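Engineer: Need a 3D model of the sequence below.
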Amino acid sequence: MLRRSRDVEFEIDHVHTAAEAIGKLDLNSYDLVIFDLGLPDNDGVAAIHRISLAHPSTPVFVLSGDERHEIAIAAIEAGAQDFLPKQHLAGQLLTRMAAMSIARQKRLRTAELASLTDSLTGIGNRRATDHAFERRQRRRVGGSPVFGLAMIDIDRFKSINDLYGHDVGDEVIREVAFKLSKASDPDWDVCRHGGEEFTVLFSSSSIEETNLIADRLQSSCTFSHGAAPVARVTASCGATLVEHDDTFRSASKRADYALYASKQGGRCRSFIHDGKSIHPVTRVDLSPFAFAPSADTTVALAFRQGQSKV
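Structural biologist: Numbering: from 1, shown residues only. Okay, here's the model as predicted:
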């Protein structure tokens, strides 16, 4: 019916099972899912709930041979945007409802994107960090790789504001956001946590890899800003690997302890929290601004749950 539509042109991928549909959704971006409750491997509205949970920005339109009111309500409560009994199915009606559903969702996506964007830098805001963290944790159930969390804080930012003014301070925040984004891989989530602090969620499978990524992010934020008098900008970083049972609060607490160690250690450096203790990152690339641990550096700060200092 949709292919025969003269009013709207649809590009359609047609699959025969709920498992195939979920597989397609994990690999591609779609404007609409038209879901038949009568699929052979379907377990009722539970499949709709799984799709809505994993892909909240993709509307689900349900078709069913069961006209009962309670089925329609259950589908909507599971996350479906609309419900249409097959007995009432007609080409023009289906086309119109599909087109309206897509248009409605695009409007919602625009509003959602605005609510997740930091107005100063154009990257994600604190709410976007929460969403990205939850999305990554959900996907790990399906065997996705481990990921890491880094917290980056601009060093002595108050001094920049005091010496050069808040306009320059805003320029520095924008430039750090740009440099972090440039230093990040396309699938990483770079967000402004608030003030002069940023978070980055990144793919990583080991402490060693996290060590390199933390150094890469932190060193990208070492630069000179503006004409004379030049503002010298550096940043400190704390990072950790996210465990399967972590919440954003528990993971960010470890990263924050590592960030605190970086600040206490003299700034312009990175520390890693491995879940038990905190260690300095050994820098590979040196710059005029950078801290480089000497060969005899043996700093290892013990971490105790509940303490406010390291």
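
Engineer: contacts and neighbour counts: CA atoms only from here.
Structural biologist: Fine.

Engineer: Next, the buried residues of the helix ranked longest in the chain.
Structural biologist: Among the elements of type helix in the chain, defined by DSSP state H, the one spanning the most residues is helix 91-115. When neighbours are counted by 16 or more other Cα atoms under 10 Å, the buried residues of helix 91-115 are found to be Leu94, Thr95, Met97, Ala98, Ala99, Ser101, Ile102, Gln105, Lys106.

Engineer: ok, those residues vs Ala214, which is closest?
Structural biologist: Each of those was checked against Ala214 using Cα to Cα; the closest is Lys106, at 35.8 Å.

Engineer: which residues touch Asp82?
Structural biologist: Asp82 makes contacts with Val60, Phe61, Val62, Ile76, as judged by Cα atoms under 8 Å, 6 or more residues apart in numbering.

Engineer: go again using 6 Å as the cut-off
Structural biologist: Contact partners of Asp82, counting by Cα atoms under 6 Å, 6 or more residues apart in numbering, are Phe61.

Engineer: Start the count at 4 instead of 1 going forward.
Structural biologist: Got it, first residue is 4 now, which makes that one Asp85.

Engineer: what does the model give it for pLDDT?
Structural biologist: At Asp85, the predicted lDDT confidence score is 85.

Engineer: Let's test this: what are the backbone torsions at it?
Structural biologist: Taking degrees, to the nearest 10, you get phi -150, psi 160 for the backbone angles of Asp85.

Engineer: what's the answer for the one 3 residues further on, then?
Structural biologist: In this entry, Pro88 is assigned phi and psi values of phi -70, psi 140 (degrees, to the nearest 10).

Engineer: Please verify my assumption that it contacts Ser67.
Structural biologist: Yes. When contacts are counted by Cα atoms under 6 Å, Pro88 is listed as touching Ser67 (5.0 Å).

Engineer: Looking at those two, which one has more neighbours?
Structural biologist: Neighbours around Pro88 and Ser67, counted as other Cα atoms under 10 Å, are more numerous at Ser67. The numbers are 19 against 15.
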